[in-house]
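> Predicted coordinates and the sequence they were generated for:
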Amino acid sequence: MKTERRSILKKLFASVAGVAGLGAASKAIADPAPEKEVGDVEMYQDVPLFSGHTKFNNLVFVAGKGAHFEGDITAHTKHVLDELEKELIKAGSSMEKVLKCSVFLHDLNDYKKMNEAYKGRFGSKPPCRTTVAVYGGVPGDSLVEIDCIAYI
């Protein structure tokens, strides 16, 4: 009688777990993650520092691009967007496929001029965006740095 009751309870629990999706969840945990693919690697001495981009499934994550030359915010923004586009093309994507951008400004007073240079670069459906001014400035004396996430 006890064994029969246990058997019924096991079957009941198994069917409830299946309906609740617990079986799918445990299968997802058991499946190995797909291999990530990286673009050109920036080296620091003999140690990899970061990749220009990383692909995972159908997403591409592009590292922040800066402008390391004398110029104003307009010139820096145009240069950074050109570099971002080159990296996206290398990864098999494009500016029209960007889902999210993060913009880091050296000075929030450059926001309006950065927007003017940024406008229209991502097609008719621009990505969502976060823009912040960075305390202490953008690395490498760039007036702006932009990174993004796109699909392939």
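Right, received. Where do you want to start? Residues are numbered from 1 along each chain as shown.
> Going by C-alpha atoms from here, please, whenever you check contacts or count neighbours.
Will do.
> Domains in this structure, by residue range?
1-31, 37-151 (automatic domain parsing).
> Quick check: which of those domains is buried the most?
Of all these, domain 37-151 has the most neighbours on average by mean count of other CA atoms under 10 Å, namely a mean of 17.
> what mean pLDDT does it have?
In this model, domain 37-151 has a mean pLDDT of 92.
> Please, where are all the helices along the protein?
Using DSSP state H, the helices assigned to the chain run over residues 2-20, 22-30, 73-90, 111-118.
> okay, the angle between the last one and helix 73-90?
Going back to what we said before, that points to helix 111-118. 40 degrees (axes from the mean of the first three to the mean of the last three CA atoms, to 10 degrees).
> Now do helix 111-118: which elements does it pack against?
Counting contacts by 3 or more CA pairs under 8 Å, 6 or more residues apart in numbering; DSSP states H and E, helix 111-118 packs against helix 73-90.
> Try it again at 10 Å.
Where contact means 3 or more CA pairs under 10 Å, 6 or more residues apart in numbering; DSSP states H and E, helix 111-118 is packed against helix 73-90, strand 98-105, strand 128-133.
> Show me the contact partners of it.
With contacts defined as CA atoms under 10 Å, 6 or more residues apart in numbering, helix 111-118 is touched by 72-81, 103-105, 108, 119, 126, 131-133, 143-144.
> Specify the angle between it and strand 98-105 in degrees.
Going by the same axes, to 10 degrees, helix 111-118 makes 140 degrees with strand 98-105.
> Only alpha carbons, please: show stretch 89-109 as CSV.
Taking C-alpha atoms only, stretch 89-109 is exported to CSV below (Å, rounded to 0.1, in the frame of the first residue of the first chain):
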residue,chain,number,x,y,z
ILE,A,89,30.7,45.0,-40.3
LYS,A,90,33.7,42.9,-39.2
ALA,A,91,31.4,41.0,-36.9
GLY,A,92,28.8,40.5,-39.6
SER,A,93,26.3,43.1,-38.5
SER,A,94,25.5,46.7,-39.3
MET,A,95,24.4,50.0,-37.8
GLU,A,96,20.8,49.3,-38.7
LYS,A,97,21.0,46.1,-36.5
VAL,A,98,22.1,47.9,-33.3
LEU,A,99,19.8,47.3,-30.4
LYS,A,100,21.4,49.3,-27.6
CYS,A,101,24.2,52.0,-27.3
SER,A,102,25.9,53.4,-24.3
VAL,A,103,27.5,56.9,-24.8
PHE,A,104,30.0,58.2,-22.4
LEU,A,105,30.8,61.9,-22.6
HIS,A,106,33.8,63.7,-21.2
ASP,A,107,31.5,66.8,-20.6
LEU,A,108,27.7,66.8,-20.5
ASN,A,109,27.8,70.3,-22.1
